[in-house]
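Q: Sequence and computational prediction follow.
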Protein chains: 4
Amino acid sequence: MDGTGRLLIMCSDQTGIVAKTAYFFSQRKINISDCDQHVCDGLFFMRLVFEISDEKQTIENIRQDFSDEIAAPLAMTWKIFDAHHKKSMAILVSKPDHGLLELFWRWKKGELNGNIHCVISNHEDLRHTVEHFEIPFHHISSENKQQSEAAILELTQGKVDVLILARYMQILSENFIRHYPDNIINIHHSFLPAFKGADPYKQAHDYGVKIIGATAHFVTATLDAGPIIEQDVTQVNHRHNIEDLRTLGRDLERRVLARAVKWFLDDKIIINGNKTLVFNQP
Amino acid sequence: MDGTGRLLIMCSDQTGIVAKTAYFFSQRKINISDCDQHVCDGLFFMRLVFEISDEKQTIENIRQDFSDEIAAPLAMTWKIFDAHHKKSMAILVSKPDHGLLELFWRWKKGELNGNIHCVISNHEDLRHTVEHFEIPFHHISSENKQQSEAAILELTQGKVDVLILARYMQILSENFIRHYPDNIINIHHSFLPAFKGADPYKQAHDYGVKIIGATAHFVTATLDAGPIIEQDVTQVNHRHNIEDLRTLGRDLERRVLARAVKWFLDDKIIINGNKTLVFNQP
Amino acid sequence: MDGTGRLLIMCSDQTGIVAKTAYFFSQRKINISDCDQHVCDGLFFMRLVFEISDEKQTIENIRQDFSDEIAAPLAMTWKIFDAHHKKSMAILVSKPDHGLLELFWRWKKGELNGNIHCVISNHEDLRHTVEHFEIPFHHISSENKQQSEAAILELTQGKVDVLILARYMQILSENFIRHYPDNIINIHHSFLPAFKGADPYKQAHDYGVKIIGATAHFVTATLDAGPIIEQDVTQVNHRHNIEDLRTLGRDLERRVLARAVKWFLDDKIIINGNKTLVFNQP
Amino acid sequence: MDGTGRLLIMCSDQTGIVAKTAYFFSQRKINISDCDQHVCDGLFFMRLVFEISDEKQTIENIRQDFSDEIAAPLAMTWKIFDAHHKKSMAILVSKPDHGLLELFWRWKKGELNGNIHCVISNHEDLRHTVEHFEIPFHHISSENKQQSEAAILELTQGKVDVLILARYMQILSENFIRHYPDNIINIHHSFLPAFKGADPYKQAHDYGVKIIGATAHFVTATLDAGPIIEQDVTQVNHRHNIEDLRTLGRDLERRVLARAVKWFLDDKIIINGNKTLVFNQP
């Protein structure tokens, strides 16, 4: 079977990890087409892309063998992803459409290697926009958080790999987040850790900063504080009022969210505590 | 007398300010070579550069006339600076020399329109570096804050227009700051308001941000919270350890501090509450 | 009549221009809400925004009076635009839709102060996309340049103020361009003057540059050489193949084109020979 | 012997290169601390850093064994550098001191992992500056190119690993360059390939670009056309005159040259035809 696999590894640093791993693949006549590793604080991290061209091999076999021969003896935390298995996304959004449309456009252009399972919103406003792209749209009122979260779970669990909060103006409960560990990506419209919480552009304007930013991060139980995936900024000055900051910020949010989602879909991210490693960037 | 003046204005917005001001100069056959204004929240701000080529005019006369004819009737907060009067700086520094050297080098290149009156440090380390540039170096121990601040005041009061804290690792007392209202510029090695206080590069590394920054601001009684003059940032990733951040950060600090000092010396900054307006930038 | 006007001026530099101009407005009790000027090589340039709140005044009266009292005596090249008169655009495009969609989206958000009269393409591909936005779409084959240009003129002359080439893969004839002097904006997918002509991303890749760019410029008879309005760039490295450059480049093209169009619609641009001045930026 | 080695590889792509290379080191109980590879156009490139902690091993032994066991059978172009052997630089400069001082500062800070053997100039102007850093300064007149190049060779051949042209305003002959194949780094004050040759800031100003740049590249026989190592840019507008561009450009030149030199000293660069690959960046 022809195929492409992506291996992500995290383990204690020790001599021979690269050699053993590379040997594992070379023995099977599997070519390593990309490899990026990092050592930090006694930990070893690696992302390795391999190309199968032997019909007797499958990603599933390799996963099993790798587990037995390499991962178990070296006590690795690891995953092997099949690059041809497209991840499935649910996009959650309130009223602003810029993050959503940016993802749609890039997805239609083939930039995002995934499927959009559905869009869920606590408002009806974007139904027409979404349905024009022939993507299912679900309106779930946010009046009762418990009911609303249960409804979202019902629509997504077992069907999607990742939730993308493309300006979803609701705080998810700790209980809900537990269902998607390390699998919820949020875009926050500030350069975190500055200006957490509501209306960060107003906060930035009031503070008088000369640069504004946007941050894509994984969602954890602490508001606006999960592992950061990507950030970007733009310069501003006294001529910009709050509305100008919102306008400029939309461009940042679109870019930053799109990059983070792309990297997630391409299995480029390893989470280590409250931080991320993004491999083979850009 | 030939001369160049710079007028900074802040007042309530009302019809006719530009006209009256421009007419004031045109009556005297004084050319306006640059003019930048801004209106915000009911306030009018302007920076205007004028060129005197009439020997009967002096900056001093113009100052007096402007006060009587324009500023008083319109209830302006204003200043006229003589561009040929170079401002005098005292640079305060602890051990790191990068900000200091950057200022020295730009000053020697003629980029900074000011004089360096002296360098004051709470360590002896940089004496040789400073004296090589033929600039007076004063070591003032920081063991006793009250005595040390008194000594600094003695060296600078009435002799310098601005204090530059080019990585001076001491917190100045509210009492000291009162002697230099709006005339102390500090470089903080983070993208404020994130990572105030000690060792911001370590804070940034621990937090896992993907961008680090530096901030030049006026010093007020609240630590790392005065009006921001300039900020700049650079991207980082998981490969950078804290030492790498410090190295990259030095470049940011040098650039940001140099720009802020240049703008101050060129009378480009108006402070409005906790914010700055920087005119005719860049 | 309430109204906002924008005055653009170019003339020989001389004492009193600002004063006379400001006095002209203050006499009429018209407030100047923004003013940005520049002097260079003996020429004086200014953009001034004024707010009429007197019902006896109209933009048309002011235009006439300004012509007689100020512009004629001072031999100005000048224009007064009525900010409430939205400019009309025709967008020309071939197959790539990214520039077009970016303009549509910002226009719907209210970021672009103009009307989209129609979209003209030498291919049928984008008809559905355009018509979804309820904008007229015209397919004009480019097989015969003379006929095609005649057809474009027929559709646009007297009806639109500006042509936007949002990746229109045809070279317009000198004769055609003469009908839209200083009123055709093109996006070129390189950092001009590097990589003029066809397939600039391939040229950039072959050359091995570490930064790629995009350039929005006015169209003149010389290919890819008219006055530059805006440029932006992004870093690349050996990991990027040509397709990656095209993908990254699309983001640049979208941003740069959108900014240039916005500035044109807001009357922020003065063309001086082969260069532009962009006022009150950003 | 403790030690750190850096292996650079270029060869035809084929299955097993990473495995064989990694196995080579793991067999010897040598840890791989960093590894970055790239495949492109049928070619395989890798930079690998290894740490020796076994006293029976030396970089020299490893070099010999690697040549026999891996490089020869796989027909590699390769080099192993001893990280503890600091490369020796000669810096060539005319009158501008900014590139030179930037290298000095970073070198004193420990950012540049090399030795400065000497500075050679065709002017006397910088003697004092250089000698203050206790570095030998040689004035070699450029009146007679043949004699001057012979004198430079005499001062450097067999003594330095790389020549750094930190704004050296002389064109080196093809014959001279042949003595330092891939070992001369130049800083050009434009965003190449735009504005080759003399006075690029004037060229940029005349052209009306909105961004200026600087480029560090290896020197080949064709002027301003060797493999690019690094580029950086900054935005400009109509307010900047040529002198402003020179001032802003100096900052770019300093940054870009310093990065290129650092990467060269750290063995991060592979030259492939007219392009470079820079590994483990930043």
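A: Now that the structure is in, tell me what you want to look at. Since the structure is predicted, the reported quantities are computational estimates derived from the model, not experimental observations.
Q: and chain A, which of its residues are near chain B?
A: A:38, A:40, A:191-195, A:207-211, A:213, A:227-233, A:237-239, A:241, A:274-278, A:281 (CB under 8 Å from any CB of the partner chain). Yep, even glycine has a C-beta here, placed from its N, CA and C like the rest.
Q: What subset of these is buried?
A: Neighbour counting by 16 or more other CB atoms under 10 Å in any protein chain shown classes A:38, A:191-195, A:207-211, A:213, A:227-233, A:237-238, A:274-278, A:281 among the residues of chain A next to chain B as buried.
Q: Keep these, but drop any that are not near chain C.
A: A:Asn237.
Q: Buried ones in the strand or helix carrying A:His128, by neighbour count?
A: For A:His128, the host element (DSSP states H and E) is helix A:127-132. Along helix A:127-132, the positions that meet the burial threshold by neighbour count (16+ other CB under 10 Å) are A:Thr129, A:Val130.
Q: which residues make contact with it from outside it?
A: With contacts defined as CB atoms under 8 Å, 6 or more residues apart in numbering or on different chains, helix A:127-132 is touched by A:Asp97, A:Leu100, A:Leu101, A:Val119, A:Ser121, A:Pro136, A:Phe137, A:His139, C:His132.
Q: So how do I select the buried members of those residues in ChimeraX?
A: Burial among the contacts of helix A:127-132 is assessed by 16+ other CB under 10 Å; the matching ChimeraX selection reads:
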select /A:97,100,101,119,121,137
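Q: Now do the helix or strand containing A:Asp36 against strand D:31-40, angle only.
A: Element membership for A:Asp36, per DSSP H and E: strand A:31-40. Per axes from the mean of the first three to the mean of the last three CA atoms, to 10 degrees, the angle that strand A:31-40 makes with strand D:31-40 is 140 degrees.
Q: Please determine whether the following helix or strand past strand A:31-40 lies in contact with chain D.
A: The element immediately downstream of strand A:31-40 (helix or strand, assigned by DSSP H and E) is strand A:43-52. No - among the residues of strand A:43-52, none lie within reach of chain D under CB under 8 Å from any CB; the closest is 8.6 Å away.
Q: And chain C, is strand A:43-52 touching that?
A: No - using CB under 8 Å from any CB, strand A:43-52 stays clear of chain C, with a minimum separation of 12.4 Å.
Q: Show me what counts as buried in the helix or strand following that strand.
A: Moving toward the C-terminus from strand A:43-52, the next helix or strand (DSSP H and E) is helix A:59-66. Across helix A:59-66, burial judged by 16+ other CB under 10 Å covers A:Ile59, A:Ile62, A:Arg63, A:Phe66.
Q: ditto for stretch A:91-105
A: A:91-94, A:96-105.
Q: May I have the residues that are in contact with the residue nearest to A:Asn122 when sequence neighbours are not counted?
A: Leaving aside its sequence neighbours, A:Asn122 sits nearest to A:Ser142 (CB to CB, 6 or more residues apart in numbering or on different chains; 3.8 Å). By CB under 8 Å, 6+ apart, the contact list for A:Ser142 reads A:Asn122, A:Ser148, A:Gln170.
Q: List just the nearest of these to chain B.
A: A:Gln170 (24.8 Å; CB to the nearest CB).
Q: Give me the three-state assignment for the closest one.
A: Of the three states, A:Gln170 takes coil according to DSSP: H, G, I helix; E, B strand; the rest coil.
Q: Could you pull up the contacting residues of it?
A: Residues near A:Gln170 by CB under 8 Å, 6+ apart: A:Ser94, A:Asn122, A:Ser142, A:Lys145, A:Ser148.
Q: Near the closest residue to A:His179 other than its chain neighbours, how many other residues are there?
A: Nearest residue to A:His179, sequence neighbours excluded (CB to CB, 6+ apart): A:Leu153, at 6.1 Å. For A:Leu153, the neighbour count with other CB atoms under 10 Å in any protein chain shown is 14.
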